[in-house]
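Peer 1: Got a sequence here, can you model it:
(chains A and B)
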Amino acid sequence: MSGHALGWEVVASVGEARAGLLRTRRGVIETPVFMPVGTQATVKGMRFDELEADELDARIILGNTYHLWLRPGVEVLRACGGLHRFAGWRRALLTDSGGFQVFSLGALRKIAEEGVAFRSHVDGSARFLSPEVSMEVQAALGSDIVMAFDECAPGEATQDEARRAMELTARWARRSRARFDELQRVGADTGRVEADADGGGGLTGEQALFGIVQGASHTDLRRESLARTVEIGFDGYAIGGLSVGEEKSVMYRVVEELAPEMPSDRPRYLMGVGTPADLVESVARGIDMFDCVLPTRNGRTGQAYTSRGRLNIKNARWTTDTRPLDESCDCSVCRRHTRAYLRHLYMTGEMLAAILITHHNLAFFLDTMRRVRQAIRSGEFTRFRQEFIGRTDSGVE
RNA sequence: GCAGGGGUGGUCGAGUGGUUAAUGGCACCGGGCUGUAAACCCGGCGGGUUCACACCCUACGUAGGUUCGAAUCCUACCCCCUGCA
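Peer 2: I've put the predicted structure just below:
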């Protein structure tokens, strides 16, 4: 087969920072890009209409293999024509492999060479997830970017622990690749589109597969993991196992050491990161793609991200504050609603509080990435970064 | 009027002589959240002094009393609820 499942082109760069075009079978994505997390076939609190509208214009969102595998299950998803049709999301979709749940559901799983025995967090039943099963579920989901099945070790993992997880991840990567290719051959992918459906991008219309680099905080392990992953060959490469408990300086150091060594002709994805400052700092170190639950989860727990820092809507100081969450924000929530009102909604337990703050947070994250892209394209990224950092990760005022 | 029940910290409500400034829930105040077991979790919550350890006040309707010691027992009074007149 000729062509790629994914197109990638760098259109501008400033230092390690790069602005690019990621061509998927479901649309072109300008990078650096932030991908809202939609674990259970929903970006919690958001309608797809809102995500697609110009105000947010999210080009790609995440789904999760583990959660959708448990519910509604592969049979339902296949019967409904894949995740896009099932959920009604028409744009690009990246699915995590369930690898993160190997980490986050620590108490409920047992890792072996063959795969991971989970006890379902839903009903306690025994489940077994492996690279092969993960690829099969992701084929049924029909996501546009599939993630290899990996083991995410804790951020403070020792050399030995990290090595074991990294080597297992490498072996699983090879198995993921093999099963993925086989599934593509037999047409198991429910999201398949006509080749070149995007109008001349030279795409195959197949799913793309990303490999994941592990190794915790250990530079030698990270380098080895990268080499072994690249050797297998993927459409893009991700850094996993960061922002999982390690010091922030460690995360930045690992990204700084690793990203520039990742293939420059493929997109680089930093999984699970991060705060607005993390995004900008990681772009500066060569990352193209991000996802994180912070804007959506914190939107539900009362924390807003603004151009002047984090704002906890629960604080009594906003009780009669008639300003918007962020005076520099042009989103529909900030144009209409006051802090006082949002606080009232939150304190009374109204679901609209979560919806509105989530909307604003996503608007802020996505707008930040728009500004980052623009700054790289205009060559002003260095200055943008200096002005941005230090303003957004601390509390407001 | 008689009989019975009851008045506890912002609130609801435990506690019926001794680690009781007083269990719990709620409310309130604050913090956390990074490939989502999360519309969740953690902490504080009478007042004062102290960085802190600690100490001092004031509190269980009101006023007395018994006792080494009382929210808990006794007396009187005030108020609320239920039933009978």
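Peer 1: mind listing the helices in the stretch 101-250 of chain A by residue range?
Peer 2: Using DSSP state H, counting those that start in this stretch, the helices of the stretch 101-250 of chain A run over A:131-141, A:159-185, A:219-232, A:248-258.
Peer 1: Check whether the third one comes near RNA strand B.
Peer 2: This means helix A:219-232. No - with CB under 7 Å from any atom of the strand as the criterion, RNA strand B is not reached by helix A:219-232; the gap is at least 11.7 Å. From N, CA and C alone the C-beta is placed, and that goes for glycine too.
Peer 1: Tabulate the helices of the stretch 101-250 of chain A (CSV), appending mean pLDDT.
Peer 2: Putting these into CSV (pLDDT from 0 to 100) gives the following:
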stretch, mean pLDDT
helix A:131-141, 98
helix A:159-185, 97
helix A:219-232, 98
helix A:248-258, 97
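Peer 1: With mean neighbour count added, can I get the ones you listed in JSON lines?
Peer 2: Listed next are the helices of the stretch 101-250 of chain A as JSON lines, based on neighbours: other CB atoms under 10 Å:
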{"stretch": "helix A:131-141", "mean neighbour count": "26"}
{"stretch": "helix A:159-185", "mean neighbour count": "19"}
{"stretch": "helix A:219-232", "mean neighbour count": "18"}
{"stretch": "helix A:248-258", "mean neighbour count": "18"}
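Peer 1: does residue A:93 really touch residue A:191, like I thought?
Peer 2: Yes - look at residue A:93 against residue A:191 with CB atoms under 8 Å: they come within range, at 7.4 Å.
Peer 1: got any residues that touch both of these two?
Peer 2: Taking CB atoms under 8 Å, 6 or more residues apart in numbering as the contact rule, residue A:93 and residue A:191 both touch A:26, A:83, A:84, A:141, A:142, A:143, A:144.
Peer 1: Grab the nearest non-local neighbour of the fifth one.
Peer 2: Of all residues not flanking residue A:142 in the chain, residue A:191 sits nearest, at 2.6 Å (CB to CB, 6 or more residues apart in numbering).
Peer 1: Give me the spatial nearest neighbour of the residue at minimal distance from the centre of chain A, chain neighbours excluded.
Peer 2: With distances taken as CA atoms, centre = their mean, residue A:291 lies nearest the centre of chain A, 2.4 Å away. Excluding the flanking residues, the one nearest residue A:291 by CB to CB, 6+ apart is residue A:35, at 4.2 Å.
Peer 1: which residues touch that neighbour?
Peer 2: Counting by CB under 8 Å, 6+ apart, residue A:35 makes contact with A:58, A:60, A:61, A:62, A:94, A:289, A:290, A:291.
Peer 1: before we move on, which element is it in?
Peer 2: strand A:33-36 (DSSP states H and E).
Peer 1: which non-adjacent residue is nearest residue A:230?
Peer 2: With CB to CB, 6+ apart, the residue lying closest to residue A:230 is residue A:263, at 6.2 Å.
Peer 1: Also residue A:117?
Peer 2: residue A:110 (4.6 Å).
Peer 1: Could you do residue A:293 as well?
Peer 2: residue A:37 (4.8 Å).
Peer 1: Contact residues of the stretch 251-397 of chain A facing RNA strand B?
Peer 2: A:271-275, A:278, A:291-294, A:296-298, A:300-303, A:310, A:312, A:314-317, A:319, A:347, A:349, A:351, A:354, A:395.
Peer 1: Just the closest residue of the stretch 51-200 of chain A to RNA strand B, please.
Peer 2: At 2.3 Å from RNA strand B, residue A:152 is the closest residue in the stretch 51-200 of chain A, using CB to the nearest atom of the strand.
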